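> sequence plus predicted model, see below.
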Amino acid sequence: MAQQAVFDAQAVTEAVAEGIARIENASSTEELKAIKTQYAGADSAMTQASKAIGALPADQKKDAGKLMGKLRADFGRAFGARETELKAQEEARALASETVDMTLPIRRKPLGARHPLAKVMEDWEDFFISMGWRISSGPEVETEWFDFDALNFGPDHPARQMQDTFYVKGSQARDAAGFVGSNMVLRTQTSSDQVRALLEYGVPLYIASPGRVFRTDELDATHTPVFHQCEALAVDKHLTMADLKGVLDKLAVAMFGPEAKTRLRPSYFPFTEPSAELDLWFPDKKGGAGWLEWGGCGMVNPNVLKSAGLDPDVYTGFAFGMGIERTLLLRHDINDMHDLVEGDVRFSKQFVMGE
Ligand code: DAH
């Protein structure tokens, strides 16, 4: 059993005086709380003394009770006064530290902008996706076989020459399809994805393949060694040139508005027969009046179908390819292609098209 507390008037008076002195010197409400626990909590001299009153002889109880009432009131008053002061100080300090100086200059974080080329490619993809075509993409480092041989380029075709094509030095094809011995090139055209996609997905096939291509072109205002194309290929039974023209006209409208038109001029590409140059017209066309060349197209050459192991008597197809930079030049008046690759946000910001 705990020892019965003894009522000691002097000791409790001193203890409370000490508590009040501590209160007056307290420098935070936090400290004030701790002092209250120490001098008025369950284990404090003040509480113990109150409890001890019960054991006093009857004639001493009244004085003891009075003393305790006074001590408790003194302590409470000192506590309340100091608490009010400290709270006000703390609040003032918090307000001062949270003050916002409205005159300080703000720190601007420049926002990025969608690159206009990315935007054109997305519009392009949206068009094909809306028709249920597959978006495909081949590798940028490609076998010479997919970039040229499979597309019916003869061994002496001038496009293979070092002046046009980046060959990857000392490389040999590591392609799973087993074209060992074929050189590796940086693909010169997204047409390189045609036979790749036919082998990978089989027929019927409807793909659009946008991406980066590489040619050793001289650097001038209208050429860069890296640029972008979008290829489209459809292979199925009974496809004709009318299907090709229908898709081209719909694409022109999707990219250039309801009045856009296309026209075909006979041409030559190794991988199409017949082949055509594709011209575009639309009212707001930049870069001059009249028809402007937009890309190439044609019916898939039977030799290309054979490269993919298909019987040209059963399957036919059409293909077309356009430059994405060129498409952008037609939509906007961009005179220098290098603006497209410099990565300057001020340039990109001008082309927020139908966000
Ligand atoms: N690959 C050709 C080029 O880079 C463009 C092209 C022409 C693609 C005719 C085609 C096509 O699919 O049928 O110039």
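The structure has been received and is ready for your questions.
> the residue of the stretch 51-200 of the chain found nearest the ligand: neighbour count?
Evaluated by Cβ to the nearest ligand atom, the stretch 51-200 of the chain has Q189 as its residue closest to the ligand, separated by 3.6 Å. Quick note: C-beta positions are derived from backbone N, CA and C, even for glycine. Neighbours of Q189 under the rule other Cβ atoms under 10 Å: 22.
> would you map out the domains in the chain?
9-97, 116-354 (automatic domain parsing).
> average pLDDT for the last one, rounded please.
If you average the pLDDT over domain 116-354, you get 88.
> just the domains of the chain: most buried one?
domain 116-354 (a mean of 17; mean count of other Cβ atoms under 10 Å).
> chain center to it, what's the gap?
Mean C-alpha position of domain 116-354 versus that of the full chain (Cα atoms, centre = their mean, to the nearest Å) differs by 26 Å.
> hmm, T240 is touching V300, no?
No - using Cβ atoms under 8 Å, T240 makes no contact with V300, being 11.8 Å away.
> in the protein, what residue sits furthest out from the centroid?
Largest separation from the mean C-alpha position in the chain: D59, at 86.0 Å (Cα atoms, centre = their mean).
> which SSE is that residue in?
Assigned by DSSP states H and E, D59 belongs to helix 58-97.
> which helices and strands sit right next to that helix?
helix 9-25, helix 29-40, helix 45-52 (3 or more Cβ pairs under 8 Å, 6 or more residues apart in numbering; DSSP states H and E).
> now do 6 Å
In this structure, helix 58-97 makes packing contacts with helix 9-25, judged by 3 or more Cβ pairs under 6 Å, 6 or more residues apart in numbering; DSSP states H and E.
> now do the helix it packs on, average pLDDT.
In this model, helix 9-25 has a mean pLDDT of 95.
> hmm, stretch 110-126 in reach of the ligand?
No - on the criterion Cβ under 6 Å from any ligand atom, stretch 110-126 is out of touch with the ligand, staying 14.0 Å away.
> re the thing from before, and of the domains of the chain, who's closest to R108?
If you check each of those against R108 by Cβ to Cβ, domain 116-354 wins as the nearest, at 12.6 Å.
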